[in-house]
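In: Need the 3D shape of this:
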Amino acid sequence: MFLKKITLMRENIPSFEKYPFTIPIIKGLHEIDIQSNVTFFVGENGSGKSTLLEAIADKCDFNTAGGGRNNIYDLYASESVLGEYIRLSWMPKITNGFFLRAESFYHFATYLDKVDTTGFRNYGGRSLHSQSHGESFLSLFLHRFKGKAIYLLDEPEAALSPSRQFTFLKVIHDLVSKGDAQFIIATHSPILLGYPNAHILSFDDQKITEIDYEMTDHYQLTKYFLQNRERFLSELFEED
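Out: Numbering: from 1, shown residues only. Next up is the predicted model:
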């Protein structure tokens with residue numbers, strides 16, 4: 001691993017009454033110890049997992065609209081206020097990596113169309129806009145992700161079918177098994193969360209806690225639905 005610890009510098013925060021410090025998870029944050037090369041952030045929308053991931057990207061000097069250190073373009077509301085108030089502890093410090101924001105990936109692809117002079121060598125040899133959404137994500141994972149690096153991914157499953165999520169798991173495994181990659185991933189996918197020996201941190205219940213895969217809502221709800229589909233839907237659609 002490279003990134004070992006995330007610390008909220010609480011003494012520097014002028015007020016906990018302003019966003020993002022009003023988010024319960026952020027308000028109660030002190031330190032997070034990173035215990036695996038693959039760490040997942042899970043929780044309901046609005047729980048703070050994407051906010052924290054964006055702050056880590058900001059502290060890594062990655063473009064918080066999506067990209068790496070050398071991808072310079074502007075996107076409205078892409079700045080991270082929280083990034084000014086966290087400290088990252090490294091061993092060793094690395095500068096290579098990438099921040100993926102599924103919601104702004106279109107803008108990253110547009111930026112590449114304007115600046116790429118290599119024939120999209122790091123993206124499968126084609127403009128990301130000329131590929132389907134899922135193909136463009138996989139092109140990024142298969143060709144751009146390499147070498148000693150940290151990868152911060154916000155909902156990478158957004159464009160991936162279940163079968164392509166399995167392909168992405170293989171990408172993670174191949175990079176991590178070489179000992180030169182670290183992943184922190186915010187996700188809702190029970191497939192991705194199944195990666196072996198991953199460290200899963202839940203952002204529910206107003207505090208960050210380690211949770212086993214089988215105890216996540218993602219696993220339990222998916223399992224219950226698959227095993228009790230008719231009953232589940234009947235209860236869901238039942239009139240009051």
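
In: Low-confidence ranges, the chain, go.
Out: Along the chain, the parts satisfying pLDDT under 70 run over 72-79, 239-240.

In: Where does Gln206 fall, secondary structure wise?
Out: Under the criterion DSSP states H and E, no helix or strand holds Gln206.

In: List the contacts of it.
Out: Applying Cβ atoms under 8 Å, 6 or more residues apart in numbering to Gln206 gives the contacts 24-25, 28. C-beta coordinates here come from the backbone N, C-alpha and C atoms, glycine included.

In: what's around the residue lying closest to Ile208 once chain neighbours are set aside, how many residues?
Out: Spatial nearest neighbour of Ile208, excluding adjacent residues (Cβ to Cβ, 6 or more residues apart in numbering): Leu201 at 5.3 Å. By the criterion of other Cβ atoms under 10 Å, Leu201 has 22 neighbours.

In: partners of Thr7 in the sheet?
Out: Using DSSP bridges, the beta-bridge partners of Thr7 come out as Glu31, Arg87.

In: Can I take it that the residue nearest to Ile208 is in a strand?
Out: Yes - assessed with DSSP: H, G, I helix; E, B strand; the rest coil, Leu201 lies in a strand.

In: Tell me the bridge partners for it.
Out: On the basis of DSSP bridges, Leu201 is bridged to Phe41, Glu210.

In: And it, how close does it get to Ile32?
Out: 7 Å (Cβ to Cβ, to the nearest Å).

In: what sits in contact with each of those two?
Out: Common neighbours of Leu201 and Ile32 (Cβ under 8 Å, 6+ apart) are Ile208.

In: picking that back up, could you pull up the residues touching the residue nearest to Ile208?
Out: Applying Cβ under 8 Å, 6+ apart, we find Leu201 in contact with 32, 39-42, 208-211.

In: Please apply the same query to Leu29.
Out: By Cβ under 8 Å, 6+ apart, the neighbours of Leu29 are 8, 52, 208.

In: which among the residues you listed gets closest to Arg87?
Out: Using Cβ to Cβ, Leu8 comes nearest to Arg87 of the contacts of Leu29, at 8.1 Å.

In: Now do the helices for the chain: every range, in order, please.
Out: 24-27, 49-59, 105-115, 133-139, 162-177, 217-227, 229-237 (DSSP state H).

In: As JSON lines, the contacts of Leu29 with neighbour count would be great.
Out: Below are the contacts of Leu29 laid out as JSON lines (neighbours: other Cβ atoms under 10 Å):
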{"residue": "Leu8", "neighbour count": "21"}
{"residue": "Leu52", "neighbour count": "28"}
{"residue": "Ile208", "neighbour count": "24"}
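
In: Please identify which of the contacts of Leu201 is nearest to Ser132.
Out: Closest to Ser132, out of all of the contacts of Leu201 and judged by Cβ to Cβ, is Phe40, at 25.5 Å.
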